[in-house]
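>>> just a sequence and a predicted model for now, questions to come.
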Amino acid sequence: MADDMKPYPLTQAEWKEISEIPTIRESWGLEDGEGAEALASRVYAAKFKFVSGSPGYVGDLFILQGDALGEPMSVIRRDGKMVIA
């Protein structure tokens, strides 16, 4: 099991990368010209230093939740690029 299971705030660079994912932009209604700041004002988010309990993903895991309870979105890094998990 991972030793560090605390949530961390996202950096400005991470917000920017995540706000450029088309599905994220569409899900939170980001218009052209809106970016990281607009997304951060609409979404609860946390970063975890994730370690899978079995062979699988190890790295940063980003959890995004809107203002309605439901299934959150998970974002990971694959091949150096942010993608929806």
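Right, received. Where do you want to start? Numbering: from 1, shown residues only.

>>> tell me which residue lies nearest the centroid of this protein.
The C-alpha lying nearest the average C-alpha coordinate of the chain belongs to Phe62 (CA atoms, centre = their mean; 3.4 Å).

>>> doesn't Lys49 make contact with that one?
No - in this structure Phe62 lies outside contact range of Lys49 using CB atoms under 8 Å: 11.2 Å. C-beta here means a position set from N, CA and C on the backbone, and glycine is covered the same way.

>>> which residue ranges of this protein form strands?
With strands called from DSSP state E, the chain shows them at 44-51, 58-65, 73-78, 81-84.

>>> now tabulate those strands in TSV and tack on mean pLDDT.
Formatted as TSV, the strands of the chain follow (pLDDT from 0 to 100):
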stretch	mean pLDDT
strand 44-51	95
strand 58-65	95
strand 73-78	95
strand 81-84	95
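
>>> dump those strands to CSV, plus distance to Trp15.
Listed next are the strands of the chain as CSV, based on distance: least, CB to CB, whole Å:
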stretch, distance to Trp15
strand 44-51, 8
strand 58-65, 10
strand 73-78, 11
strand 81-84, 11
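
>>> for Glu17, find the nearest of the ones you listed.
Among the strands of the chain, the nearest to Glu17 by CB to CB is strand 81-84 (4.6 Å).

>>> which residues belonging to that closest one are considered buried?
Residues of strand 81-84 classed as buried: 82, 84 (neighbour count, 16 or more other CB atoms under 10 Å).
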